[in-house]
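# let's see this in three dimensions:
(2 chains)
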There are 2 protein chains.
Amino acid sequence: MQIYRVDMTEGKVTTEEVKEGYAVLGGRGLTSQIIADEVDPTCHPLGANNKLVIAPGLLSGTNAPSSGRLSVGTKSPLTGTIKESNAGGTASQKLAKLGIKAIIVEGQPKNGEFYTLKVSKDGIELKDASSLLGQRNYDLGNTMRGEYGDSVCVVSVGPAGEYKLTAASIAVTDGEGRPVRHCGRGGTGAVMGSKGIKVIVIDDADAPGVSVKDKEGFKAAAKDFSKMLLDHPVCGQGLPTYGTAVLINILNEAGGLPTKNFRSGRYDGADKISGEAMFDRINERKGNPTHGCHPGCVMRCSQVYNDKDGNYLTAGFEYETIWAFGAHCTIDDLDAIATLDRLCDDIGLDTIEMGVTIGVAMEAGIIPFGDADGAIDLLQQVGEGKPLGRILGNGASFTGKAYGVTRVPTVKDQSIPAYDPRAVKGVGVTYATTTMGADHTAGYSVTANILKVGGHVDPLSKEGQVDLSRNLQIATAAVDSTGLCLFVAFAVLDKPKALPRVVDMLNAQYGLSLTVDDVSELGKAILNTEREFNKAAGFNNSHDRLPEFFKEELPPHGTTFDLTDEELDELYNF
Amino acid sequence: MQIYRVDMTEGKVTTEEVKEGYAVLGGRGLTSQIIADEVDPTCHPLGANNKLVIAPGLLSGTNAPSSGRLSVGTKSPLTGTIKESNAGGTASQKLAKLGIKAIIVEGQPKNGEFYTLKVSKDGIELKDASSLLGQRNYDLGNTMRGEYGDSVCVVSVGPAGEYKLTAASIAVTDGEGRPVRHCGRGGTGAVMGSKGIKVIVIDDADAPGVSVKDKEGFKAAAKDFSKMLLDHPVCGQGLPTYGTAVLINILNEAGGLPTKNFRSGRYDGADKISGEAMFDRINERKGNPTHGCHPGCVMRCSQVYNDKDGNYLTAGFEYETIWAFGAHCTIDDLDAIATLDRLCDDIGLDTIEMGVTIGVAMEAGIIPFGDADGAIDLLQQVGEGKPLGRILGNGASFTGKAYGVTRVPTVKDQSIPAYDPRAVKGVGVTYATTTMGADHTAGYSVTANILKVGGHVDPLSKEGQVDLSRNLQIATAAVDSTGLCLFVAFAVLDKPKALPRVVDMLNAQYGLSLTVDDVSELGKAILNTEREFNKAAGFNNSHDRLPEFFKEELPPHGTTFDLTDEELDELYNF
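Prediction:
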């Protein structure tokens, strides 16, 4: 495999052999290590000294089930921390099949020009993209497929990335060419925009494919692992049926569904926006409730959501998105939320950041709570680059500052997602302490707190939450390196034989003799690397805190986020 | 003397005796100590847990020359650091005469109400200010004088403070009732707005006055000190004649006048906006080139600037303001700059922050460089609370983020003022290291670098700059506690007998036996208190840095800011 280095200042592409230390790294492990090795932690995230690293996971491109996650690493313009954001879609598998270990993008065009990167078996070519500027992701995908064929994967920024807004995402097309899978969090799209890259087209025609050293051993482990996923009630039943939106009713029942900018943990409109309601509506309109975001996914938690006329509206319609525009903004209209999701995908915006931001805009009185049409208009203003759009497109903290609003649910300026930290305290610990800014996926304590997967830790008590979050953060850093979807964790946490099978796959592919303990050590090493970067960038324990208003009691349970600073600071004792 | 505590949550005013430790503190020394003692460094600057402390200097209200500076302390919403911002005008003297050591404002109204604080010999009264909302500072002053009499001092926020914009200032009226003296830096006006205070009216009728223990000793020392100021070429001649704008030609000549967003140290329009040009124009139009911002000032660096019809336009028209809207934005029209200054005073905005911000808006392409009418329109949008105004009114860093601009001259999100750190390296050290965010007044190394006051340190060499800045930062913290204008430093630095006379005044007033060394110790103690607060708020050495682009060479000297991180980190070794 090779590493491609793209110098956007000079417009030059070079290739490098994979350094010894990088050989057994992939995904987040690799992106974070390269950023830590090559980027000055104090650099301006949108300047020439930041880099953007794109890497498939270690197992991507193989037949390992659900292994198509693509990692993008950078210094985040939203949080100022190191950032890894990963997405499904077909990019990761295609890059791996092309023998690409990572693409490192550095420098920036001197006069703000934009380019297309064409990635194929012949290498990487830069082409002028000035004619593509202003195109939104759906149109852009069509343009690219018209030019390069239907089978390419399109990785792109919409107008938000061109404007370098810190809520800008990088869109990755799914198997049907829809720009619905996103590296959403942390403004990676703004960094791609700052590098002058409008779109990366990945064509894996005649790619050599991924070499697997022990093919039989790999096949056996993959088959076994796949069966464990299919047998698990969450991975094999809940997710394929209702998608992640199954969580709306579950969190609402648990009193942890943040409602009206985190004023309550229960939303009286929950039944209208639940996974069950979505499932019925999708079926009525002849959409598809069960769809995989990349070939080989066995959990298939995506879906195709049609509008009332039966025409395609959006796909990859996640719980966090529905929560953000729904309960958080008190919009109980699933069609409106689907339209907002579609707009985010098209403009190239993180749905979590934008949903939380619209709620903050409602808090500021720009539009009233519950105003779906107003929310749609606000997102359009982001896409059009209007001044108000420039505010909103830079996220919830930014919008709060613009309008003097103090009730802003962010950590390190990244929006807190769909689980109230006062009612799901384990995830609150993750929000506060992860290297990424508020991010549920970095240590998804919802498992033991709410879903009773991997044991049970009372979500309303602070006991055991730091240990829970720590273990999950370590495990997640490792999983994010494999290219496996994080949702395999449900099975891994419940089935003692699952993780050994992942290790078996890695060993079979790379000819290694890793143990389960090595996986944990990898996770710890990644977290330490990321945390050292953040320290050098100016962060310390005082930034590992939730906003003050989480000391207010949350109905219905009346709990507060009561972990002390000292308790939170125990997270990194490992 | 007494401390007044105003609880804006409950609408209650209480008085407290002055604690022993606070007795010999005043101005910045007192505001910083109270903030450090009472405010959680991690609180939201615009939330109920921040406080606003208003304190006269130790010598304010006496006959000490130029001793009318008012200090305002808080946690800054612009920088996130502790903040002391001081202003002239008549407030400090009136508060001191009323026996008020400090006013501590805490809490905030639950429903965003606004109040007037009426301060008089009868105490502090809260009155509903809803009818005053939206009034700009000039109108507001007239309204207040109509209600409370012509001799009151009006301390107010304009619309910018109501909107809680982080460039919002607190205006203080001068002897003629004009709102032209401002606690400009760091967004103290946003904090006042967040406390629900529109205006503070200070009526010192029948005030007891300041008691001086040794009247004769005080008189002798004050007279002597006054003479030293009048005899000094800067204090007694340069400042009274041309005001601070005398520096335009001096800095331009030195190649340190930052031009077109810090692209050059020379501005070809400098002669049109110089102090000399201003002096001629003021005289032509029958303004007043020499005016004191408070009674008893002997340096009288303020002026009254009339428009082309001979009508009053603005006063207190400073070098930094003229530079910010002038050379930085390449606007060479003094009348336009005066209009921009007037608008800032009226809307309640820091002229340095706004001038730098308009330059960044020009960098972003919102308006072209040199567009005076465009700049005026942008400031009006700030006053009207329009979305673009919300962006600009939150300063240069914020505007840079909104538009993805990386060439943004700020430290800790506060705009770098009128001296290029590559050509005046001592002040560059101050920008990087002061507890306040980029602030020339915190350690005005321009003295030895450019004016050859207090010795000479080559401005283009890094040698000696850290020592110079350190000594000045220590001295400044002490001077900022006395209520003396910082400009007395020119005399103090050049005349060995000046500082002892200041100590004599303090000893005579308070019955103390301080030495000159005690003054230095006070300065160090203040800096340490402030720095500890900042550390607890999350700051460390990595924040004591200039933006990356100061590594570019600056014409005409071709110098860069070449002090290493390690050298900068030596600043606090005292």
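
# ok, now which ones touch the residue of the stretch 151-300 of chain A found nearest chain B?
Per CB to the nearest CB, the residue of the stretch 151-300 of chain A with the smallest distance to chain B is A:Lys164, at 2.8 Å. Quick note: C-beta positions are derived from backbone N, CA and C, even for glycine. The contact partners of A:Lys164, taken as CB atoms under 8 Å, 6 or more residues apart in numbering or on different chains, are A:Leu46, A:Pro77, A:Ala190, A:Gly193, A:Ser194, B:Tyr403, B:Gly404.

# which non-adjacent residue is nearest A:Val157?
A:Gly189 (4.5 Å; CB to CB, 6 or more residues apart in numbering or on different chains).

# neighbouring contacts of the helix or strand hosting that neighbour?
If you go by DSSP states H and E, A:Gly189 is part of helix A:188-194. Helix A:188-194 is contacted from outside by A:45-47, A:50, A:52, A:72, A:74-78, A:83, A:85, A:105, A:108, A:157-158, A:160-166, A:168-171, A:183, A:348-349, B:404, B:406, using CB under 8 Å, 6+ apart.

# roughly how far is it from the heart of the chain?
Computed by CA atoms, centre = their mean, to the nearest Å, the separation of helix A:188-194 from the middle of its chain amounts to 15 Å.

# could you list the paired strands of the following helix or strand past it along with their orientation?
Next in sequence after helix A:188-194, counting helices and strands by DSSP H and E, comes strand A:197-202. Strand pairing for strand A:197-202, using DSSP bridges, gives strand A:115-120 (parallel), strand A:153-156 (antiparallel).

# make CSV out of these and add mean pLDDT and mean neighbour count.
Converted to CSV, the strands paired with strand A:197-202 look like this (pLDDT from 0 to 100; neighbours: other CB atoms under 10 Å in any protein chain shown):
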stretch, mean pLDDT, mean neighbour count
strand A:115-120, 98, 22
strand A:153-156, 98, 28
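
# and of the contacts of A:Lys164, the nearest to B:Gln93?
Proximity to B:Gln93 was ranked across these by CB to CB; first place goes to B:Tyr403, at 43.2 Å.

# contact partners for that closest one?
By CB under 8 Å, 6+ apart, the contact list for B:Tyr403 reads A:Tyr163, A:Lys164, A:Arg390, B:Val360, B:Ala361, B:Ala364, B:Gly365, B:Ile366.

# and the second one, how far from B:Gly558?
Per CB to CB, to the nearest Å, A:Lys164 is found 31 Å from B:Gly558.

# for the stretch 301-450 of chain A, which residues are neighbours of chain B?
Residues of the stretch 301-450 of chain A lying close to chain B (CB under 8 Å from any CB of the partner chain) are A:Lys386, A:Pro387, A:Leu388, A:Arg390, A:Ile391, A:Asn394, A:Phe398, A:Lys401, A:Ala402, A:Tyr403, A:Gly404, A:Thr406.

# and the fifth one, helix, strand or coil?
The one in question is A:Ile391. Judged by DSSP: H, G, I helix; E, B strand; the rest coil, the three-state class of A:Ile391 is helix.

# so it sits against B:Pro387, correct?
Yes. Contact criterion CB atoms under 8 Å: A:Ile391 and B:Pro387 qualify, at 6.1 Å.

# what do these two both touch?
Common neighbours of A:Ile391 and B:Pro387 are listed as A:Ala402 (criterion: CB under 8 Å, 6+ apart).

# ok, the two, which is more surrounded?
Set A:Ile391 next to B:Pro387 and count neighbours by other CB atoms under 10 Å in any protein chain shown: A:Ile391 wins out with 31 against 20.

# contacts only, for the more buried one.
By CB under 8 Å, 6+ apart, the residues touching A:Ile391 are A:Phe398, A:Thr399, A:Ala402, B:Pro387, B:Arg390, B:Ile391, B:Ala402.

# wait, is A:Ser71 part of a strand?
Yes. A:Ser71: assigned to a strand according to three-state DSSP.

# leaving out sequence neighbours, find the closest residue to it.
Using CB to CB, 6+ apart, the nearest residue to A:Ser71 is A:Gly27, at 4.1 Å.

# which ones are touching that neighbour?
Listed by CB under 8 Å, 6+ apart, the contact partners of A:Gly27 are A:55-58, A:60, A:69, A:71, A:84, A:86, A:480-483.

# in strands, which of those residues appear?
A:Ala55, A:Pro56, A:Ser71, A:Glu84, A:Asn86 (DSSP state E).

# how many residues are close by the third one?
Look at A:Ser71: counted by other CB under 10 Å, it has 27 neighbours.

# coming back round to it: adding secondary structure, write the residues of the stretch 301-450 of chain A next to chain B out as TSV.
Listed next are those as TSV, based on three-state DSSP:
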residue	secondary structure
A:Lys386	coil
A:Pro387	helix
A:Leu388	helix
A:Arg390	helix
A:Ile391	helix
A:Asn394	coil
A:Phe398	helix
A:Lys401	helix
A:Ala402	helix
A:Tyr403	coil
A:Gly404	coil
A:Thr406	coil
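
# walk me through the domains of chain A.
A:2-202, A:245-420 (automatic domain parsing).

# give me the nearest residue to A:Glu17, chain neighbours excluded.
Setting aside the residues directly before and after it, A:Glu17 is nearest to A:Gln2 in space (CB to CB, 6+ apart), at 6.9 Å.

# ok, A:Tyr572 next?
A:Arg531 (6.5 Å).

# list phi and psi for the one you found.
Torsion angles at A:Arg531 (phi, psi; degrees, to the nearest 10) stand at phi -70, psi -40.

# next one: the one 4 residues further on
Backbone torsions of A:Lys535, given as degrees, to the nearest 10, read phi -60, psi -40.

# likewise the one 5 residues further on?
Backbone torsions for A:Asn540, taken as degrees, to the nearest 10, come to phi -150, psi -170.

# so it is in contact with B:Asn541, correct?
No. Counting by CB under 8 Å, A:Asn540 stays clear of B:Asn541, with 11.1 Å between them.

# tell me the pLDDT of A:Gly395.
We have a pLDDT of 98 for A:Gly395.

# count residues in the vicinity of it, would you?
Neighbour count of A:Gly395, defined by other CB under 10 Å: 32.

# which residues does it contact?
A:Leu78, A:Thr166, A:Ala167, A:Gly187, A:Glu353, A:Val356, A:Thr357, A:Thr410, A:Asp413, A:Gln414, A:Ser415.

# pull the most distant pair out of those.
Spatially, the most separated pair among the contacts of A:Gly395 is A:Gly187 and A:Val356, at 14.0 Å (CB to CB).

# which of the two has more neighbours?
A:Gly187 (38 against 34).

# need the contact list for the more buried one.
A:Gly187 touches A:Pro45, A:Ser76, A:Pro77, A:Leu78, A:Lys83, A:Leu165, A:Thr166, A:Ala167, A:Ala168, A:Asp350, A:Gly395, counting by CB under 8 Å, 6+ apart.

# per-residue confidence at it?
If you check A:Gly187, the pLDDT there is 98.

# for it, give its distance to A:Ala372.
Distance of A:Gly187 to A:Ala372, given as CB to CB: 26 Å.

# in the stretch 201-350 of chain A, which residue sits closest to chain B?
For the stretch 201-350 of chain A, CB to the nearest CB, closest residue to chain B: A:Gly348, 13.7 Å.

# ugh, wrong one, the stretch 301-450 of chain A
A:Gly404 (2.8 Å).

# tell me the secondary structure for the closest residue to that residue other than its chain neighbours?
The shortest distance from A:Gly404 to any non-neighbouring residue, by CB to CB, 6+ apart, is to B:Lys164 (2.8 Å). With three-state DSSP as the basis, B:Lys164 sits in coil.

# before we move on, the earlier item: PyMOL command to pick out the buried ones of the contacts of A:Gly27?
Buried subset of those, written as a PyMOL selection, criterion 16 or more other CB atoms under 10 Å in any protein chain shown:
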select buried, chain A and resi 55+56+57+58+60+69+71+84+86+480+481+482+483
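
# need the contacts of A:Gly27 in a markdown table (columns: pLDDT).
Output for the contacts of A:Gly27, formatted as a markdown table (pLDDT from 0 to 100):
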| residue | pLDDT |
| --- | --- |
| A:Ala55 | 98 |
| A:Pro56 | 98 |
| A:Gly57 | 98 |
| A:Leu58 | 98 |
| A:Ser60 | 98 |
| A:Arg69 | 97 |
| A:Ser71 | 98 |
| A:Glu84 | 98 |
| A:Asn86 | 97 |
| A:Asp480 | 97 |
| A:Ser481 | 97 |
| A:Thr482 | 97 |
| A:Gly483 | 97 |
